[in-house]
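S.K.: Kindly return the folded structure for what I paste below:
(3 chains)
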Amino acid sequence: MCAVLPPALSRVEIMSNSIEIKNLDLNFGSIEVLQNLNLDVGKGEFLVLLGSSGCGKSTLLNCIAGLLDVTAGQIHINNKNVTWAEPSERGIGMVFQSYALYPQMTVEGNLSFGLKNAKLPKAEIADRVKRAADILQIEPLLKRKPAALSGGQRQRVAIGRALVRDVDVFLFDEPLSNLDAKLRADLRVEIKRLHQKLENTMVYVTHDQIEAMTLADRIAIMRGGKIMQLGTPDEIYGLPMNKYVADFIGSPSMNFIDGSIQNGVFTAGDLAISLTGYEFTSGEAVDGGATLGIRPEHVITGELVSHSPYCIDVEVELIEPTGSDKLIDCQVAGHLFRVRMDGQAQVSVGEVLRLGIDPARASLFDAATEVRL
Amino acid sequence: MSSARPSRLFRNKSAKIAAIPMIVTALFVFVGGTVWTIVYSFTKSGLLPRLKWVGLDQYERLWSTRKWLVSIENLAIYGFCTLVLVFVIGFILAALIDQKIRFENTIRTVILYPYALSFVVTGLVWQWILNPEFGVQKIVRSWGWESFQFDPLYTADIAIYGVLIAGLWQGSGLVMVLMLAGLRGIDQDVWKAARIDGIPAWKTYLFIVIPMMRPVFITTLVLVVTGIVKIYDLIVAQTGGGPGIATEVPAKYVYDSMFRANNLGQGFAASTMMLLTVALIVIPWAILEFGGSRNRD
Amino acid sequence: MTKPPPILLDGPQGPKPRRVLSRRNIFLYGTLLVITLYYAMPLYVMIVTSLKGMPEIRMGNIFSPPMEVTFEPWVKAWSQACTGLTCKGLSTGFWNSVKITIPSVILSIIIASLNGYALANWKFKGANVFFTILIFGAFIPYQVMLYPIVIMLREMGLYGSLGGLVLVHTIFGMPILTLLFRNYFSSLPEELFKAARVDGAGFWGIYFRIMVPMSLPIFTVAIILQVTGIWNDFLFGVVYTGPETYPMTVSLNNIVNSTQGVKEYNINMAATIITGLVPLTIYFVSGRLFVRGIAAGAVKG
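M.R.: Predicted coordinates for the structure are as follows:
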């Protein structure tokens, strides 16, 4: 019985899993923080948990680390059920937002503390500390105390503390949030390089969508203790599975127009857009109440308008230049509608602008369930 | 490795072991001791505690004993005066020190040092200063004012005010420190806004700053009141309860009944009354402070 | 370089003139001076009296400095002053106080810091119930628990001994110290605790290797708080110890308020100041930490 394997869709799917979370519940008293959560993370995958504060992403990470006791369900790491195991027994390393370096120990002491607790031989400890310091280029700092380090150096030491543990799974809890913008961008690249070099599994919690998009193999967008969508950055951006994800990802966020679909035509006010070219998830057009979503950067402007399937004239109400782009505020079918134009485009307030909309690049959501149509 | 789920009782085992002293103290000493004393206040205990019920007899006797009535009266006078004066003095001192003055540390150190001393030391010093033969009275008389009369510790009517002077000297520094911390905790922009609005300083204190310091006032109040109810050492050292029974206080009544008069029942009843007094103050405060915060969240 | 145009110098300009001797300053510093002198006066009187001979005390006034400085009252107070029956001075009481204070401080701080650590970082079911009882216990007048503790100590064979008093001080120091440590440990970043757990440290490992080294200031505050509190205690000393084991405050009171013999005020004041010397030294040396200690008592949980 040898069936031909279907072509690999992404490199993740053909690999075995590093972390498996099965039917996980977590309650704090009567408050349900995580509800029946299932999540598999492949070996060597970089998974980002993304969401606004209070969505449960850090809670989930703490459950994986064993720092919170789960109410129900199982957690497997490297095919071992670690649901009740101590954090140090799980084969994980963790990096925290506030670095959490032990202030009274030197950098070397910080790196070796966990290894000493695990009663490793001295030579082995020295070896691993040296290797980690080498990778992160922090050898000159080894004898210093954390107070004498800069923010970026501290976070590097914190990563080193995970590194020396020689584990397959790294957990990051908003590791860059305490750094300034420039340093954040630098360290982001460094973490990505580190991942490519070590090829271990990384679970990374953040509320910053740029961080998520640039780092992740897959992103899990969370809300209210549930995963709203799990997919590659492209999928999340291009094919949001519900209105929440569509709204959350992208800046400025997607424009939404409430209306209805009848016989393959979306109508809202005096708008009537034929949906030819839009790929419905069910394969064919559905009738009923719907919301049309289109990203500001997907609205067609300028000379290309004449080639677009649907055109509309709007009056420019407000212009926000950002240098590379110009953001235009206008009204479409009674809704605020934002358009991203080239930074060099010549527009002025009050001017009438012709916009083009391509249904193939739009998203449609059910008006009631907010699920993608 | 799938370690077995540890049983509920042994989860966090070390933490529970470390908390045993706290648990024992809370249950056996604080709850147990209090309940024991209340129960035995309804018995005929004399030299030794005996479970021979006499109902409210001990309380009736207590409230018909002159020494107890004087004690209560003294506590009321001392408590009321201390409360008012310690707050007024403490706040004014704090406000003066808060004027960005020089030598702030020296002044604060001098005002607070009495608080480091024991009540016994405080009582004995003031006993000496108020000594009519050598102290303040004699000095003023030696200046020529021959009829000057200031002899609180030997004049029954005003003896308790002599204790009050010592108590204020010792305790006002604490209130000053707490008030100063409260003043410093207030957003300095309030002062800038008041200055721009042209509000005089005393009005800013009275109508803006003091209301903002409500939490500090309440915690200070609780500290001061519980301190007042406990007052014992100061009396013993400064006046020994005298002259006569002019400066007796409830805490001393309890000690004397239990360990001098071999009348445990009276001691238990009197201490239960003290507990009741504190409960009447602490419980409303606790409800206000902690019960309310839950609703706010 | 172009020169800036000249400004017309009319009306007020530059810093507003300030008079050092403004009415406000005279009033402010005058008041503060009087207050400071008033608070300092008893200490001054104590010292001055203790350095005078009895004849000079009978003649002069209590504020005048000694004409002839003598340290004899101090020597007598230390080794010969009478407490009614015996005439051994304060020295026995001093050493008793030392023997009470040192173990009490150590024991109470160890226990309270562990309590506070368990409460802050290892919350177990019911922990907060006990903690609430403990805090309310701090408000119960000691008189209520005096006799039950007499019975407990008698059962344990500790009544009247220094060990018994050490236990009592440990018990009654627990509420405020536990609160102090719990609040301090709670204020440390929780991620540090999590990191240590990922690093495989357990309850005791985290306490000794991470928490204690980070908490030296709060341990100092607790030591100051306890040394002064226990040294100054009178009530527990008089209830739970006997004449041989009386702490210094009780001896002092017995010396000064003893009804026998002629009152020797200079010796009394010397004894008083000797008793106050330990907490005063701590206070003047520790300064800010002492203030932090008493303010910590006022911080709610």
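
S.K.: Now do the same for the most centrally placed residue in chain B: its pLDDT.
M.R.: Centroid-nearest residue in chain B, with CA atoms, centre = their mean: B:Gly227, separated by 1.4 Å. pLDDT recorded at B:Gly227 is 83.

S.K.: And for it, nearest residue in space, chain neighbours not counted?
M.R.: Excluding its sequence neighbours, the residue lying closest to B:Gly227 (CB to CB, 6 or more residues apart in numbering or on different chains) is B:Gly171, at 7.0 Å. (Glycine included, C-beta is placed from N, CA and C.)

S.K.: Report the secondary structure element holding the one you found.
M.R.: Here B:Gly171, judged by DSSP states H and E, is contained in helix B:159-184.

S.K.: So what's the residue count around whatever residue of the stretch 201-350 of chain A ends up closest to chain C?
M.R.: Closest contact between the stretch 201-350 of chain A and chain C, by CB to the nearest CB, is at A:Val205 (12.6 Å). Using other CB atoms under 10 Å in any protein chain shown, A:Val205 has 26 neighbouring residues.

S.K.: Next: A:Ser53.
M.R.: For A:Ser53, using other CB under 10 Å, the count is 8.

S.K.: Contacts only, for the nearest residue to it once chain neighbours are set aside.
M.R.: Nearest non-adjacent residue to A:Ser53, counting by CB to CB, 6+ apart: A:His207, 6.4 Å away. Applying CB atoms under 8 Å, 6 or more residues apart in numbering or on different chains, we find A:His207 in contact with A:Leu50, A:Gly51, A:Ser52, A:Ser53, A:Lys57, A:Glu174, A:Ser177.

S.K.: Is the residue positioned nearest the centre of chain A within a helix or a strand, and which one?
M.R.: Geometric centre of chain A, nearest residue: A:Ala212, 3.6 Å, by CA atoms, centre = their mean. Following DSSP H and E, one finds A:Ala212 within helix A:209-215.

S.K.: Which other helices and strands does that helix contact?
M.R.: Of the remaining helices and strands, those touching helix A:209-215 by 3 or more CB pairs under 8 Å, 6 or more residues apart in numbering or on different chains; DSSP states H and E are strand A:46-50, helix A:181-198, strand A:201-206, helix A:233-238.

S.K.: and if we set it to 10 Å?
M.R.: strand A:46-50, helix A:181-198, strand A:201-206, strand A:218-223, helix A:233-238 (3 or more CB pairs under 10 Å, 6 or more residues apart in numbering or on different chains; DSSP states H and E).

S.K.: Which residue ranges make up each domain of the chain?
M.R.: You didn't pick a chain, so chain A it is. Domain ranges of chain A: A:17-244, A:246-366, per automatic domain parsing.

S.K.: wait, I meant chain C there
M.R.: With automatic domain parsing as the reference, chain C has domains C:23-70, C:94-245+C:270-298.

S.K.: In a markdown table, list those domains along with mean neighbour count.
M.R.: Shown next, in a markdown table, are the domains of chain C (neighbours: other CB atoms under 10 Å in any protein chain shown):
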| stretch | mean neighbour count |
| --- | --- |
| domain C:23-70 | 15 |
| domain C:94-245+C:270-298 | 20 |
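
S.K.: Of those, give the one that comes closest to chain A.
M.R.: domain C:94-245+C:270-298 (3.2 Å).

S.K.: thinking again about what came up before, the one helix or strand the residue nearest to the centre of chain B maps to: which residues count as buried?
M.R.: In the assignment (DSSP H and E), B:Gly227 maps to helix B:214-230. Buried residues in helix B:214-230, counted by 16 or more other CB atoms under 10 Å in any protein chain shown: B:216-217, B:219-226, B:228-230.

S.K.: which residues sit in contact with the residue of the stretch 201-350 of chain A closest to chain C?
M.R.: A:47-51, A:55, A:57-62, A:97, A:171-175, A:177, A:212, A:220, A:222 (CB atoms under 10 Å, 6 or more residues apart in numbering or on different chains).

S.K.: Equivalent analysis for A:Gly302, please.
M.R.: If you count contacts by CB under 10 Å, 6+ apart, A:Gly302 has them with A:Met341, A:Asp342, A:Ala345, A:Leu353, A:Arg354, A:Leu355, A:Gly356.

S.K.: contacting residues for the nearest residue to the last one once chain neighbours are set aside?
M.R.: By that I understand A:Gly356. For A:Gly356, ignoring the flanking residues on the chain, the nearest one in space by CB to CB, 6+ apart is A:Ser308 at 2.8 Å. A:Ser308 is in contact with A:Val299, A:Ile300, A:Thr301, A:Arg354, A:Leu355, A:Gly356, A:Ile357, A:Asp358, A:Pro359, A:Arg361, counting by CB under 10 Å, 6+ apart.

S.K.: Let me know the pLDDT of the third one.
M.R.: It stands for A:Thr301. In this model, A:Thr301 carries a pLDDT of 87.

S.K.: Let me know how buried it is, in neighbour terms.
M.R.: 19.

S.K.: The fourth one now?
M.R.: The burial metric for A:Arg354, expressed as a neighbour count using other CB under 10 Å, is 14.

S.K.: Dump the helix or strand encompassing it to CSV, keeping only the CA atoms.
M.R.: Assigned by DSSP H and E, A:Arg354 belongs to strand A:352-357. C-alpha atoms of strand A:352-357 as CSV (Å, rounded to 0.1, in the frame of the first residue of the first chain):
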residue,chain,number,x,y,z
VAL,A,352,-12.0,63.7,-6.5
LEU,A,353,-10.0,60.5,-6.8
ARG,A,354,-10.8,57.4,-8.9
LEU,A,355,-10.1,54.1,-7.1
GLY,A,356,-10.1,50.6,-8.4
ILE,A,357,-11.0,47.5,-6.5
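
S.K.: Tell me which residues of it come out buried.
M.R.: For strand A:352-357, by 16+ other CB under 10 Å, it's A:Leu353, A:Leu355, A:Gly356, A:Ile357.

S.K.: Of these, which is the nearest to chain B?
M.R.: A:Leu353 (45.7 Å).

S.K.: what pLDDT does that closest one get?
M.R.: 89.

S.K.: does it really touch A:Asp329, like I thought?
M.R.: No. Using CB atoms under 10 Å as the test, A:Leu353 is too far from A:Asp329 to be in contact (11.1 Å).

S.K.: Quick check: neighbours shared by the two?
M.R.: A:Val314, A:Val316, A:Val339.

S.K.: now the top helix by length along chain B against helix B:214-230, angle please.
M.R.: The longest helix of chain B (DSSP state H) is helix B:66-97. Angle of helix B:66-97 versus helix B:214-230, following axes from the mean of the first three to the mean of the last three CA atoms, to 10 degrees, is 150 degrees.

S.K.: anything in the next helix-or-strand element following helix B:66-97 near chain C?
M.R.: As assigned by DSSP H and E, the chain's next helix or strand after helix B:66-97 is helix B:104-116. Yes. Residues of helix B:104-116 contacting chain C under CB under 10 Å from any CB of the partner chain: B:104-116.

S.K.: Report the contact partners of whichever residue of the stretch 101-250 of chain B sits closest to chain C.
M.R.: Here the stretch 101-250 of chain B gets closest to chain C at one residue, B:Ser118, 3.3 Å apart by CB to the nearest CB. Applying CB under 10 Å, 6+ apart, we find B:Ser118 in contact with B:124, B:170, B:233-234, B:237, C:228-229, C:231-234, C:248-249, C:252-253, C:272, C:275-276, C:278-279.

S.K.: ok, back up a step: and the longest helix of chain B with helix B:159-184, angle?
M.R.: 40 degrees.
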